[in-house]
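Participant: Coordinates only, no sequence provided:
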């Protein structure tokens, strides 16, 4: 599997070698190769700490804990990003017959997870941002 590339210019850009030096092999696989951590294995899936979730690759703030909810899907779920421009969306057709919307950090282009809509979520947006824990770092509120 090759690393993510986009035609977009990101604020944080590094070579594949630089990303590999910064990230663990598992972090690199998820963040830079659009991998997925095993369900129910991530450190933030059930975490209820108040704070802000940032991109593990570049530190950009992505999600507020106030928008996190228990979807019981195996990954941390949020109903909206911290700011509208903090994430970007790409069409993902990697699963045959099941198109999805990939969510990436708008600051560095790292893969975060996917967003799902209209599945009956009891949230203000009727969306579920299904995000890999390994893509995030929690900054607890003071």
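Facilitator: Sure, I can see it. Small disclaimer: the values here were computed from a predicted structure and weren't measured.

Participant: In the protein, spot the helix with the most residues.
Facilitator: helix 25-33 (DSSP state H).

Participant: Help me confirm that residue 127 comes into contact with residue 80.
Facilitator: Yes - with contact defined as C-beta atoms under 8 Å, residue 127 and residue 80 form a contacting pair (6.9 Å). Placement of C-beta: from N, CA and C, glycine included.

Participant: Those two - which one has more neighbours?
Facilitator: Here residue 127 and residue 80 are compared on neighbour count by other C-beta atoms under 10 Å; more neighbours surround residue 127, at 20 against 17.

Participant: list the contacts for that one?
Facilitator: When contacts are counted by C-beta atoms under 8 Å, 6 or more residues apart in numbering, residue 127 touches 79-80, 115-117, 121.

Participant: These: which two are farthest apart?
Facilitator: The distance between the two most remote of those (C-beta to C-beta) is 13.1 Å, for 80 and 116.

Participant: strands paired with the lowest-mean-pLDDT helix or strand in the chain, and their directions?
Facilitator: Using mean pLDDT, DSSP states H and E, strand 87-92 stands out as the lowest-scoring helix or strand of the chain, at a mean of 92. Strand 87-92 has its sheet partners listed here by DSSP bridges as strand 100-105 (antiparallel).

Participant: Show me what the next helix or strand after the strand it pairs with pairs with in its sheet, parallel or antiparallel.
Facilitator: Heading C-terminal from strand 100-105, the first helix or strand you meet, by DSSP states H and E, is strand 111-117. Counting by DSSP bridges, the strands paired with strand 111-117 are strand 100-105 (antiparallel), strand 127-131 (antiparallel).

Participant: Enumerate every residue touching the residue nearest the centre of the chain.
Facilitator: Centroid check for the chain by C-alpha atoms, centre = their mean gives residue 112 as the closest residue, at 2.1 Å. Neighbouring residues of residue 112 by C-beta under 8 Å, 6+ apart: 55, 62, 87, 103-105, 129, 131-132, 135-136.
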